[in-house]
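**Q** Give me coordinates for this.
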Amino acid sequence: LHARLAERYGGDVTEVCEVSNDLPQTFLRANPALAPCRGALLDTLRQRGLDAEPAKDAPLGIRVVGEHAAKVTQLGEYFDGIFEIQDESSQLIAELVQCAPGDVVVDL
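**A** Numbers count the residues shown, from 1 in each chain. Okay, here's the model as predicted:
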């Protein structure tokens with residue numbers, strides 16, 4: 001695979017290969033209508049064994065890392081709508097748009 005990538009993209013692709021082996025980050029967005037606060041949700045996720053921390057820039061965002069990040073969709077809080085999976089960059093864009101109730105937004 002390394003040779004094929006190097007042939008296609010040229011140069012040293014070792015770093016690309018190494019990054020591709022890392023576990024991805026999962027970002028959650030706390031639902032402000034249902035989550036009392038992001039801190040309480042963080043505590044709950046940590047009690048469930050997840051490595052969770054506040055997202056860097058999104059005020060409702062939570063970053064979950066590690067091998068257990070995939071299990072967030074199995075939590076009751078996910079089914080109850082207390083949080084959803086949404087990348088931090090998408091959370092920031094949604095804030096900038098400042099949609100109001102009743103607005104229609106198309107996300108392509």
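**Q** distance of A70 from C99?
**A** 30 Å (C-beta to C-beta, to the nearest Å). To be clear about C-beta, it is placed using only N, CA and C from the backbone, and glycine gets the same treatment.
**Q** just V16 next, same as before
**A** Distance from V16 to C99, by C-beta to C-beta: 37 Å.
**Q** which of those two has more neighbours?
**A** Counted by other C-beta atoms under 10 Å, V16 and C99 do not tie: V16 has more neighbours, with 13 against 10.
**Q** and the more buried one, which of the three is it?
**A** helix (DSSP: H, G, I helix; E, B strand; the rest coil).
**Q** give the contact list for the spatially closest residue to it that is not a sequence neighbour.
**A** Residue nearest to V16 in three dimensions, not counting chain neighbours: L5, with 6.6 Å by C-beta to C-beta, 6 or more residues apart in numbering. By C-beta atoms under 8 Å, 6 or more residues apart in numbering, the residues touching L5 are V13, V16, C17.
**Q** Next, the most centrally placed residue in the chain: secondary structure please.
**A** Computing the C-alpha centroid of the chain and ranking residues by C-alpha atoms, centre = their mean puts F27 first, at 1.3 Å. Look at F27: counting by three-state DSSP, its state is strand.
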